[in-house]
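The following block contains a protein sequence and its predicted model.
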Amino acid sequence: MIQKKVVRESCTNLFKAAYENRYTWEKEFSGYKGTCTWSDGESLIKGYFNLSKDLKASVKDISDTNVQKAISSQLWEVAIHRVRRSFEQTHGENTFTLGDENEVGKEILVGGKNNGDKYRVKNDVVTMVHRHIHGNLIVIETKEVLHTEKGYLSQIYSSQYLDPTSKKDLKGKSFYKDNFIPLFKGGPWVLASRSLEQESFEGIKSSKQTFSFSSLKSLDDQ
């Protein structure tokens, strides 16, 4: 019994170290603004954006509502993952046990509140996420990361939405390639560009979108 407890604690510490090694913004994050462009390889659309400190994104001077929503969605998606929450806040009601190990990393099996979820961890990086969210099974596999002095950012990764029972695809698999830069010297790291490719699925053609963000300034500079 004591040995099992030690193993569980070791597994929890392994996952906690990777969780706390993710890059997140400081609580003083004030938001930022800049120029944004969207391209699908044929069209190039330019506008302006503002991301407030409460992570609300607004896009201006773009008349195409679908492009406007796509840009806002990427900004919000990146920002929500930069919010700092303690390990206890996020995983305090979960338990962790060690599964197998492969080239992707050590498997972390989740029990408790999020029973059935699992992760893989390698070199203090979460390399695979297998989570049940809003009735879907989401699998994220990270291939490359950027190491900052305050944690890592995923740069090349994929995401897949599956039926939690049948494990069949619910839509085409998405492939991401992100580039981050510091907003200013010593400041928060923010998204400079994102390439997003989506596989074809049930009659929907494959697609590629590129998002770029430049002339970035903190909202404190207004």
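Arrived safely, thanks for sending.

Distance-wise, check residue 50 relative to residue 59.
When distance is defined by Cβ to Cβ, to the nearest Å, residue 50 is 8 Å away from residue 59. C-beta here means a position set from N, CA and C on the backbone, and glycine is covered the same way.

What of residue 41?
From residue 41 across to residue 59, the span is 20 Å (Cβ to Cβ).

the more surrounded of residue 50 and residue 59?
Relative neighbour count places residue 59 above the other of residue 50 and residue 59, with 21 against 17, counting by other Cβ atoms under 10 Å.

buried residues in the helix or strand that one falls within?
In this assignment (DSSP states H and E), residue 59 forms part of strand 57-60. Of all the residues in strand 57-60, those buried under the rule 16 or more other Cβ atoms under 10 Å are 57, 59.

Flag every buried residue along the helix or strand containing residue 49.
Element membership of residue 49 [criterion: DSSP H and E] is strand 44-52. Of the residues in strand 44-52, those buried by neighbour count under the rule 16+ other Cβ under 10 Å are 45, 47, 49, 50, 51.

Same list, the residues you listed, but as JSON lines with distance to residue 120 and pLDDT please.
Formatted as JSON lines, the entries for the buried residues of strand 44-52 read as follows, by distance: Cβ to Cβ, whole Å; pLDDT from 0 to 100:
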{"residue": "45", "distance to residue 120": "38", "pLDDT": "98"}
{"residue": "47", "distance to residue 120": "38", "pLDDT": "98"}
{"residue": "49", "distance to residue 120": "34", "pLDDT": "98"}
{"residue": "50", "distance to residue 120": "37", "pLDDT": "96"}
{"residue": "51", "distance to residue 120": "31", "pLDDT": "97"}
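
Considering these, which is situated nearest to residue 91?
Using Cβ to Cβ, residue 51 is the member of the buried residues of strand 44-52 that sits closest to residue 91, with 27.0 Å.

correct me, but that closest one touches residue 74?
No: contact criterion Cβ atoms under 8 Å: residue 51 and residue 74 do not qualify, at 10.7 Å.

so where do the strands sit in the chain?
Under the criterion DSSP state E, the chain carries strands at the ranges 31-39, 44-52, 57-60, 94-102, 105-112, 118-122, 125-133, 136-148, 151-162, 174-182, 189-198, 207-218.

Pull out the buried positions in the longest one.
It refers to strand 136-148. 137, 138, 139, 140, 141, 142, 145.

Pull the residues that contact that strand.
For strand 136-148, the surrounding residues in contact (Cβ atoms under 8 Å, 6 or more residues apart in numbering) are 23, 104, 125-132, 152-164, 167, 170, 180, 189.
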